[in-house]
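1. Turn this into a model:
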Amino acid sequence: MGSLSYPDRSATLVLPVESLCDGTPLTIRGPGIETAATIAPRGLPDGFTETMAINATRFPLGFDLLMICGSELLALPRTTRLVEA
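-> The predicted model follows:
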């Protein structure tokens with residue numbers, strides 16, 4: 001999670017998923033997203049949305065997330081907030 005003195009020492013997690021485009025829609029908001037965007041990864045673990053919500057409240061601490069499926073990648077920095085669409 002890093003520390004208040006060194007938040008850059010946190011982890012980047014790599015999460016393999018079944019698909020990045022045909023799962024349950026999630027709305028994402030945060031820096032770098034003008035208003036909101038929708039993603040729909042399939043194969044997320046139970047409690048994923050809740051875990052990401054907790055992670056966002058810990059900023060500047062927390063983890064960054066890379067979802068991968070084959071050669072595709074979706075990056076969610078710790079500043080990204082997720083809500084079920």
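2. switch to C-alpha atoms for all contacts and neighbour counts from now on
-> Fine.
3. Could you pull out the strands in this structure for me?
-> Remark: strands assigned in the chain by DSSP state E are 12-16, 26-29, 37-39, 64-69, 72-76, 81-84.
4. how about JSON lines for those, with mean pLDDT, mean neighbour count and distance to residue 55 added?
-> Converted to JSON lines, the strands of the chain look like this (pLDDT from 0 to 100; neighbours: other C-alpha atoms under 10 Å; distance: least, C-alpha to C-alpha, whole Å):
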{"stretch": "strand 12-16", "mean pLDDT": "97", "mean neighbour count": "15", "distance to residue 55": "12"}
{"stretch": "strand 26-29", "mean pLDDT": "94", "mean neighbour count": "17", "distance to residue 55": "14"}
{"stretch": "strand 37-39", "mean pLDDT": "95", "mean neighbour count": "16", "distance to residue 55": "18"}
{"stretch": "strand 64-69", "mean pLDDT": "98", "mean neighbour count": "18", "distance to residue 55": "9"}
{"stretch": "strand 72-76", "mean pLDDT": "96", "mean neighbour count": "14", "distance to residue 55": "11"}
{"stretch": "strand 81-84", "mean pLDDT": "80", "mean neighbour count": "18", "distance to residue 55": "9"}
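5. Dump the ones you listed to TSV, plus distance to residue 49.
-> Output for the strands of the chain, formatted as TSV (distance: least, C-alpha to C-alpha, whole Å):
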stretch	distance to residue 49
strand 12-16	14
strand 26-29	9
strand 37-39	12
strand 64-69	13
strand 72-76	12
strand 81-84	7
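6. Go through those strands and name the closest to residue 50.
-> strand 81-84 (8.8 Å; C-alpha to C-alpha).
7. so how far does stretch 9-19 reach from one end to the other?
-> Stretch 9-19 stretches 29 Å from its first residue to its last (C-alpha to C-alpha, to the nearest Å).
8. I misspoke; the intended subject was stretch 3-16.
-> 27 Å.
9. which residues does residue 72 contact?
-> By C-alpha atoms under 8 Å, 6 or more residues apart in numbering, the contact list for residue 72 reads residue 20.
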